[in-house]
Each structure stands twice: as C-alpha cells, then as structure tokens.
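Undergrad: structure of the sequence below:
(one chain, ligands or ions: 1)
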Amino acid sequence: MKKAGEVPDRRRRRARATGSAAVCRPDRIASDLLAWYARGRRDLPWRRSQDPYRVWVSEIMLQQTQVERVREFFVRFVDRFPTVESLAAAAEHQVLRLWEGLGYYRRARQLHAAAGLLVAEHGGHIPRDVAGLRGLPGIGRYTAAAIASIAFDLPEPIVEANSRRVIARLAGHAARLDGPGGDEPIWTIAATLVPRRQPGRFNQALMDLGALVCLPDRPLCGSCPLASHCVARLSGRTAEIPAKGSRPKVAQLHETAAVIHRAGRVLVVCRRPGEWWEGLWDFPRLPGSGRAAARGIAAAEAFRPLACGPVRRLGTINHTVTHHRIRLDVVSCAAARPGRTARGRRWVTVAALEQLAMTAPGRKIARMLSG
Ligand code: SF4
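TA: Here you go, the predicted model:
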C-alpha cells in the first residue's frame, strides 16, 4: 500500500524519463502557487504597496543580502528618503551612512546616481519597462524584471537564488547552474511559467517558496503546493538538483589598524577606488600583525611626517567579507605632528566619527574608542 506523500513508481519512472528542462501545465502551477502565497506569504515591509520607488530600493538592498537583514535597513532608508527626489537631493555620504552595515556599498552609490539621473532626465519617474530600467546604474536583468513585474504587473520572469532552485527542481533540470550561461535554461523555463495575471505576486511566491519550503538541503516536499508538478520530487532527485558547485574557499587575512591620535583627534582615511569599502572611512591599515605592522604604518612614507610615537595594543577584531576572514589587530600611537593635509584623510574627534560613513571594522574600532 502507498504511504501518504509517496510517489507511485509509474509516475516516478515517467518523471525520470521526461524530466528535462520543461514543466507541464504552467497554468496549474501558477494557480496552485498563488493560492499558497495568499495563505503563506511573508509579511515584508516593501510588500505593503506597489510603489515602484519602494520596490526598487528593496530589490537593490536584497541583492546578495538576506531578507531579515534588509528589513530594518529598508524601513530606515525609505523613512529618511521617501521619494526619488529626496534621494537625489541627498549627499552621497548621507546615503552611505544610512547604508552602513548592509555591505556592498557600490549598490548605494549606484542607487543614488540612478535617482539623480531619474530626476534630471525622467522627471523623477521610474521607467515602466525592462529596457528603460536596465538603462539605470545598478539595475541588471533580475532587478529590472523584478521591478517590472512587482511594481508594474508586467509578465517578466525572474531568476534569483531561491526561484532558481525551485524552477530547476520543478523542471528536473539537473545540469550545473554556475558558470557563464548556466542560468540561461532556467530563465527560459521561468518565462514559460510566469502568468499574465498577477506576475508580480507569482514571482514573489516563487521566491517565498524557495526561502520557506524548497530549501537547499532538505526541501519540505510534504508541505509544497507544487509537489504534484515537481519532476525532481517525482523522480526522487531533490538531493541532486540543482547540481552543486564547489564552494569557494575562505581566505584568512591578518592586518593591523592604527588609531593615530593627536590633540584630541584621530586620523581616518578614505578607502580608495578598487579597495573593499571604497569611499568609506577607516583607520590606517597595513598587512601583518600587531606592533611590527604598526611600526610599518609609522614608517610608511604617507605617515612618516606624523612622527608617531610608541604603539600600544588596543585589541583584536574579527570580520568576514566576501570569502575572506580578517583578523584585525588594533593598536594606538600618538602623532607628534599633524602631517600634510590631503584629500582622503582627516583628523576628527571620536564623537565626530558617528557622522562619517565607515567600514564595518572601522565602526567597530570607533565603538571601542567611545567606550
Ligand atoms: S516538491 Fe519539493 S523539490 Fe519540488 S518544488 Fe516543492 S519543495 Fe521543491
């Protein structure tokens, strides 16, 4: 006798035989998924309206960032900059300060630049089609389709981490998805799935299904509204699909940050183009650990005119950034002279650090200093 949730052998064999990059009955899939979404969708602050500006900001924040992390940042951001015009009128450092802690700061700079462009060239209106959206800084294929479908009800397919997994399993697409063009078959299938009615809700439902039910390691097929359509489940291959690539190795880095102080102020430097945290403020750093590296800072050409005194150890900070684990020794030393004035370096009070957009480790050091 067949147990509840068990797939009959006949259907399993048929799924194995036919399961290749195709789905049957997209209309049924859409209606089953939308019915589930109406009951089980996540309550997220950017879903409370279809305002294109809010949809756009949320989609940029969600790039490479977990939903739970984005929640509070999104609310604060749209509270401070509620419209395209208000964002365009802000100074870049204000936008970066509000973005601080969310990471991938290029997104914030591009969002700000795009807002300026929209005000200057589009009367502050967000384009209503994918081609227009893709003309804006920071908006690629996925983001354009997400905005077009969610804000403007256009039947545009989306593929991101969660929906990619759901679609691959649904269609039994067993090939690797990483590497150039690996996603292309998934985009093709997604285009056949997205309905003309409620495409935005459908796309969001796919993402929710991936986040809540079709989990990477142990999909909850018994609770899945698409279980009867899913080739991976019917053919017993949910563990194999999508095919997993090798995980990038995490590299260990050891650096030293120097808190150089003089006359009640500390020296901060702006991270240069091409560096991590480009455009954010930080304490001067050198590779290597502790006192040796700090002596290196004192001796470096840029800092020699400061005539730094002996170094004192303040502590250690650990931080992870894109597959790098950084161990950061923090030392302090006094400067006898202020050195030359230069763009990209400032002497500021510890209290004034609160106003600067800082790197995540720089902010941790600032908190260490303010006690
Ligand atoms: S049946 Fe299982 S594998 Fe298929 S979409 Fe649903 S949760 Fe994912």
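Undergrad: which residues of the protein lie near the ligand?
TA: Contact residues, the chain versus the ligand (CB under 6 Å from any ligand atom): 166, 169-170, 213-214, 219-221, 224, 226-227, 230, 232-233, 238. For the C-beta atoms, the positions are set from N, CA and C on the backbone; glycine is no exception.
Undergrad: cutoff 8 Å now
TA: 165-166, 169-170, 209-210, 213-215, 219-221, 223-227, 229-230, 232-233, 238, 241 (CB under 8 Å from any ligand atom).
Undergrad: in helices, which of these appear?
TA: Using DSSP state H, the members of the residues of the chain next to the ligand that fall within helices are Arg165, Val166, Arg169, Leu170, Leu209, Gly210, Ala232, Arg233.
Undergrad: contacts only, for the closest residue to the last one other than its chain neighbours.
TA: Right, the one you point to is Arg233. Nearest residue to Arg233, sequence neighbours excluded (CB to CB, 6 or more residues apart in numbering): Cys221, at 4.9 Å. Residues in contact with Cys221 (CB atoms under 8 Å, 6 or more residues apart in numbering) are Gly5, Ala227, Cys230, Arg233, Thr238.
Undergrad: same deal with Ser149?
TA: Ser149 neighbours (CB under 8 Å, 6+ apart): Pro155, Glu156, Ile158, Val194, Pro199, Gly200, Phe202, Asn203.
Undergrad: gap between the fourth one and Pro155?
TA: As judged by CB to CB, to the nearest Å, Val194 and Pro155 stand 5 Å apart.
Undergrad: quick one: which of the two has more around it?
TA: Using other CB atoms under 10 Å, the more surrounded residue of Val194 and Pro155 is Val194, with 21 against 18.
Undergrad: for the stretch 251-371 of the chain, what spans make up the helices?
TA: In the stretch 251-371 of the chain, the helices defined using DSSP state H, counting those that start in this stretch lie at 290-299, 360-369.
Undergrad: compare the mean pLDDT across those and name the weakest.
TA: Lowest mean pLDDT of the helices of the stretch 251-371 of the chain: helix 290-299, a mean of 70.
Undergrad: pLDDT at the residue nearest the centre of the chain, what is it?
TA: Geometric centre of the chain, nearest residue: Gln64, 2.4 Å, by CA atoms, centre = their mean. Model confidence at Gln64, given as pLDDT, is 86.
Undergrad: ok, and the closest non-adjacent residue to it?
TA: Spatially, and ignoring its direct neighbours in sequence, Gln64 is nearest to Tyr104 (5.8 Å; CB to CB, 6+ apart).
Undergrad: what's the neighbour count on that neighbour?
TA: Quick note: Tyr104 (other CB under 10 Å) scores 15 neighbours.
Undergrad: kindly report the same for Ala258.
TA: Ala258 is flanked by 29 other residues according to other CB under 10 Å.
Undergrad: ok, how many other residues are close to the closest residue to it other than its chain neighbours?
TA: Ranked by CB to CB, 6+ apart and with sequence neighbours excluded, the top spatial neighbour of Ala258 is Ile297, at 4.5 Å. Here the count is done by other CB under 10 Å, and Ile297 has 24 residues near it.
Undergrad: tell me the secondary structure for the residue nearest to the centre of the chain?
TA: Here Gln64 is recorded as coil under DSSP: H, G, I helix; E, B strand; the rest coil.
Undergrad: right, and it touches Leu102 too?
TA: No. Contact criterion CB atoms under 8 Å: Gln64 and Leu102 do not qualify, at 9.9 Å.
Undergrad: give the contact list for the closest residue to Pro242 other than its chain neighbours.
TA: Spatial nearest neighbour of Pro242, excluding adjacent residues (CB to CB, 6+ apart): Ala168 at 4.1 Å. Shown in contact with Ala168 (CB under 8 Å, 6+ apart): Ala174, Leu177, Ile186, Ala232, Ile241, Pro242.
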